[in-house]
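**Q** Got a predicted model here, sequence first, then my questions.
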Amino acid sequence: MRPIKTLLATIFLSAGCASDDHTVEVPQSSPAPLPESTMEEPPVSSTAGKGNEGMTTSVPAEDVPARYNALSEFESYVILKKGTERPGVGEYTDMHDPGTYICRQCNAPLYLAKHKFSSNCGWPSFDDEIEGAVQRHLDEDGDRTEITCRNCDGHLGHVFFGERYTAKDTRHCVNSVSMKFIAEGKPLPPVIKLPATE
Ligand SMILES: [Zn+2]
């Protein structure tokens, strides 16, 4: 007898729970529903959490991580793998137009045309940089000082001292392919900054 009574009680309780979910009667004292235009939040549905139908997983545009400019195979070789373009072939080696040289990968302004001078070494040469734009690292061989973009760490070339080319006695020897020239009067594109990664 005992097992049957327990079973009946279970069925009764289950039925009671189920019937609560399907109550559709609205008490007459309920306030009238607000017009849709004034409702700020949709009511919580009893089916919430049971499925993702209709839910979007996209995030607002401002939260989408920025990406650096796409690089060609040769640009990647120089900028990411610290390669060097052949002397005398770079598009900016002999350029003297007024303007700004920005990083090809992240658009950070690196050098001004007034920093550029003719060294006849076969690569664009600058005797100064835009303050804080360039980072220096000693090469593994300990001989040369590599220069990179401070914002994106892209390889630019090397910096040399004591050659007496100009009064500043400094020569930033930069691959043309690491930079992009923006003529004076043209707007500089926004600098692409990525969140720091561990
Ligand atoms: Zn950069």
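**A** Nice, thanks for sending it over.

**Q** three-state assignment of E75?
**A** helix (DSSP: H, G, I helix; E, B strand; the rest coil).

**Q** contacting residues for the closest residue to it other than its chain neighbours?
**A** Among residues not flanking E75 along the chain, V177 sits closest, at 5.4 Å (C-beta to C-beta, 6 or more residues apart in numbering). C-beta here means a position set from N, CA and C on the backbone, and glycine is covered the same way. V177 makes contact with 74-75, 78-79, 85, 90, 104, according to C-beta atoms under 8 Å, 6 or more residues apart in numbering.

**Q** my guess is V177 is in a strand, correct?
**A** No. Looking at V177 with three-state DSSP, it is helix, so not inside a strand.

**Q** thinking again about what came up before, now, which of the contacts of V177 lie close to the ion?
**A** Residues of the contacts of V177 in contact with the ion (C-beta under 5 Å from the ion): none.

**Q** Contact residues of the protein facing the ion?
**A** Counting by C-beta under 5 Å from the ion, the chain sits next to the ion at 103, 105-106, 108, 149, 151-152, 154.

**Q** What ranges does the chain have for its strands?
**A** Taking DSSP state E as the criterion, the chain carries its strands at 99-103, 109-112, 116-117, 125-126, 134-138, 145-149, 155-161, 170-174, 179-183.

**Q** Neighbouring strands of the second one in the sheet, and parallel or not?
**A** In the sheet, strand 109-112 lines up against strand 99-103 (antiparallel) (DSSP bridges).

**Q** Next up, the contacts around K82.
**A** If you count contacts by C-beta under 8 Å, 6+ apart, K82 has them with 146, 155.

**Q** Kindly report the same for P87.
**A** So P87 contacts 121-123 (C-beta under 8 Å, 6+ apart).

**Q** Who wins on neighbours among the residues you listed?
**A** When neighbours are counted by other C-beta atoms under 10 Å, W123 leads the contacts of P87 with 22 neighbours.

**Q** need the contact list for that residue.
**A** Counting by C-beta under 8 Å, 6+ apart, W123 makes contact with 85, 87, 90, 93, 157, 173-176.

**Q** run the last query once more with 10 Å
**A** Counting by C-beta atoms under 10 Å, 6 or more residues apart in numbering, W123 touches 84-90, 92-93, 157-158, 171-176.

**Q** what pLDDT does it get?
**A** Per-residue confidence at W123 stands at 98 (pLDDT).
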